[in-house]
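**Student:** the following comprises the amino acid sequence and a computationally predicted model.
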Amino acid sequence: MTSTGPAAAADPQAARVSVVMPVYNAEQTLAQSVDSVLGQTHRALELVAVDDGSRDGSVRLLEDRARSDDRVKLVRQANAGVAAARNAGLAAATGSHIAFLDSDDWWHPRKLELQLATLRRSGAQVSYGSYLRVAEDGRTLSRVEPPATIGYHDLLRSNHIGHLTGMYDRSLGDGEFLKIGHEDYAFWLDRLRRAGRAVRIEHDEPLAFYLVRAGSLSSNKLRAARWQWRIYREVEHLRLPQAAGYMASYVVNALAKRKPGNR
């Protein structure tokens, strides 16, 4: 694991960010996602793209980008699922900070720059931000605006950290993604348990864009509720009354932040 070091602490531009991107049959959206990383104003980064056994043109596109930009690191594995792909990306990462982006989402060019500056000013080890949920036809469905600061118990009540917005300092250790539903949420719960708090990127507008696909796994509300309950009981080991209370809060908050135009 690479330490941030004193230079990184003093100057956000000195921090090297590893962006972990799992890829599976994503040739239709991959170019936009990759280019949004390589086009960041914060240039000290590596894109660790983990191909999870794609059978389309995803690998060819990644190889092309790697030839033209040596910040692209391609990792290939037999199909093992998104959790395994993210873990492989963490294992290959060399940066002082970790961020994540899926192969159908994208970032504003200043996302990493502003996020690192927020971490430096706040002294926090974990950061996240607001984002837009965008339909496949380009329509904005809603804006997700999390609180300015959250702790572990806040995250139990509502998933305030959109995975595409999260970043952490590797002085926390990396942890791992579990092979369960909502594995990203379970991962950030672990980050918050270790760090104690997380802060929102200091910027007025969303810096990340989440593509909502019709019929996606996460859009199935009943399945998502089952995943959530399993995390409370089997991962966080909450007692039944605690889990029920957090579940009620989670459902209310999830419904609220799906309202069109929500801020």
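**Tutor:** Nice, thanks for sending it over. As the structure is a prediction and not an experimental result, all values here were calculated from the model. Numbers count the residues shown, from 1 in each chain.
**Student:** gap between the residue nearest the centre of the chain and Val82?
**Tutor:** By CA atoms, centre = their mean, the chain has its centre lying nearest to His163, at 2.6 Å. Per CB to CB, to the nearest Å, His163 is found 10 Å from Val82. Bear in mind the C-beta positions are built from the backbone N, C-alpha and C, glycine included.
**Student:** hmm, Ala49 is touching Ser18, no?
**Tutor:** No - using CB atoms under 8 Å, Ala49 makes no contact with Ser18, being 11.1 Å away.
**Student:** more crowded one of those two?
**Tutor:** Ala49 (32 against 22; other CB atoms under 10 Å).
**Student:** look up which residues are beta-bridged to the more buried one.
**Tutor:** Ala49 forms beta bridges with Met21, Leu74, as assigned by DSSP bridges.
**Student:** got the contact list for it?
**Tutor:** 21, 23, 34, 62, 72-75, 89, 103 (CB atoms under 8 Å, 6 or more residues apart in numbering).
**Student:** and the residues you listed, which of them are buried?
**Tutor:** Buried by 16 or more other CB atoms under 10 Å: 21, 23, 34, 62, 72-75, 89, 103, out of those.
**Student:** nearest to Gly245 among those?
**Tutor:** Checking those against Gly245 by CB to CB gives Gly89 as the nearest, at 34.6 Å.
**Student:** who are the contact partners of the closest one?
**Tutor:** By CB under 8 Å, 6+ apart, the residues touching Gly89 are 18, 20-22, 48-50, 75.
**Student:** what's the first helix or strand after the one helix or strand Ala99 maps to?
**Tutor:** If you go by DSSP states H and E, Ala99 is part of strand 97-100. Helices and strands here follow DSSP H and E; after strand 97-100, the next one along the chain is strand 106-107.
**Student:** could you give the average pLDDT over that next one?
**Tutor:** Mean pLDDT, strand 106-107: 99.
**Student:** direction included, what does that strand pair against?
**Tutor:** Strand 106-107 is paired, per DSSP bridges, with strand 208-212 (antiparallel).
**Student:** what residues of the following helix or strand past the strand it pairs with count as buried?
**Tutor:** Following strand 208-212 in sequence order, the next helix or strand is helix 221-230 (DSSP H and E). Residues of helix 221-230 classed as buried by neighbour count (16+ other CB under 10 Å): 224, 227-230.
**Student:** bridged to Tyr168, which residues?
**Tutor:** Ile98, Val126.
**Student:** go on, Ile150?
**Tutor:** Ala198.
**Student:** renumber starting at 731 from here on
**Tutor:** Got it, the first residue is 731 from now on, which makes the last one we talked about Ile880.
**Student:** for Ser888, see how far away it is.
**Tutor:** For Ile880, the distance to Ser888 - CB to CB - is 9 Å.
**Student:** cool, Tyr962 as well?
**Tutor:** Distance of Tyr962 to Ser888, computed by CB to CB: 13 Å.
**Student:** try Leu849
**Tutor:** Leu849 is 22 Å from Ser888, where distance means CB to CB.
**Student:** looking at the two, which is more packed in?
**Tutor:** More neighbours surround Leu849 than the other of Leu849 and Ser888, with 24 against 19 (other CB under 10 Å).
**Student:** how about the more buried one, nearest residue that isn't a chain neighbour?
**Tutor:** For Leu849, ignoring the flanking residues on the chain, the nearest one in space by CB to CB, 6 or more residues apart in numbering is Ser857 at 5.3 Å.
**Student:** residues near that neighbour, how many?
**Tutor:** When neighbours are defined as other CB under 10 Å, Ser857 has 26 of them.
**Student:** which residues touch it?
**Tutor:** Listed by CB under 8 Å, 6+ apart, the contact partners of Ser857 are 845, 848-849, 896-898, 928-931.
**Student:** out of those residues, which is nearest to Val874?
**Tutor:** Taking CB to CB as the measure, Val874 lies nearest Arg930 of the contacts of Ser857, at 11.3 Å.
**Student:** residues in contact with that closest one?
**Tutor:** 848, 857-860, 876-879.
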